[in-house]
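>>> Make a model of this:
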Amino acid sequence: MAQYTKHSDVIFRELRAAILNGELEKGSLHSIYELADRYQVSRTPVREAVVRLADTGIVTIERNRGFRVRGLSAIEIQNVFEVRLLLEVPGAAQAATVDDPEYVAALDGLLAEMHEAVARDDAEAFSAADYALHDRVLSAFGNPRLTEYMHTLRNFTKEMGAVTLGHTRTLRDVGLEHEPIVTAIKSGDSAASAKAMADHLVETASLLIARASGLDPEAADSSWAEPYLRRLNVAVTEA
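Below is the predicted model of the structure:
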């Protein structure tokens, strides 16, 4: 029968995509009946998909009402990026001390992959190269646990729909922010490397915080980061 042709895995992926691309907005409430009708399936696969989404934290189930798209609050985004600053800014400084041509060549290669993905407008390839470049920078510490934890933080914000690509920045914008990071690391300038990484992370977080707060991107405020940047001995970028 046609109404059972879509498995819960398919519904899960489609609902998750609809949440991540903003089609199902943060705070919106949806019933199982509504979505079963929308996807032309029975309520069972929809209910199973919603339970899986709730397990990831992306939605909350409301008894007898359906589910609500949760998203991330401004303070949750800030908290994640506070930790990323504490990990990745010293990581960039450490990367500038690595005396290994292969390490530098790998960074150049990943930056080139990002630019190639921009030319193709390939967001998936761009994201993969972006992740890999940040991994490579942090690997300068020689501690895989740090890289794993950073991945957890990035995946958490991505899964919750906290992304700037396609909303406040283009692939090209984000790619250009990585150039000074790689340039500073290649020059062996730890202070400049730390500053470039900090600027990139603060810009990303500030835009996400503004969006989560319902503010115009032009109103993005980076003051939240100042205590952390001072602790890391990184100059605060003036607005």
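>>> Report the spatially nearest residue to residue 44, omitting neighbours in sequence.
residue 8 (7.6 Å; C-beta to C-beta, 6 or more residues apart in numbering). All C-beta spots, glycine's among them, are computed from the backbone N, C-alpha and C.
>>> Contact partners for the residue nearest the centre of the chain?
Residue closest to the mean C-alpha point of the chain, counted by C-alpha atoms, centre = their mean, is residue 158 at 4.3 Å. Taking C-beta atoms under 8 Å, 6 or more residues apart in numbering, we find residue 158 in contact with residue 20.
>>> hang on, it in a helix?
Yes - assessed with DSSP: H, G, I helix; E, B strand; the rest coil, residue 158 lies in a helix.
>>> do you know how far it is from residue 34?
With distances taken as C-beta to C-beta, to the nearest Å, residue 158 is found 26 Å from residue 34.
>>> can I assume residue 82 is in contact with residue 228?
Yes - using C-beta atoms under 8 Å, residue 82 makes contact with residue 228 at a distance of 5.8 Å.
>>> Settle it for me: which of the two has more neighbours?
Between residue 82 and residue 228, counting by other C-beta atoms under 10 Å, residue 228 is the more crowded of the two (20 against 15).
>>> Could you say which helix or strand holds that one?
Using DSSP states H and E, residue 228 sits within helix 226-231.
>>> got the buried residues for that helix?
For helix 226-231, the neighbour count (16 or more other C-beta atoms under 10 Å) marks 228, 229 as buried.
>>> Against which helices or strands is it packed?
Applying 3 or more C-beta pairs under 8 Å, 6 or more residues apart in numbering; DSSP states H and E, one finds that helix 226-231 contacts helix 74-95.
>>> now the helix it packs on, how far from the centre of its chain.
12 Å (C-alpha atoms, centre = their mean, to the nearest Å).
>>> Perfect, that will be all.
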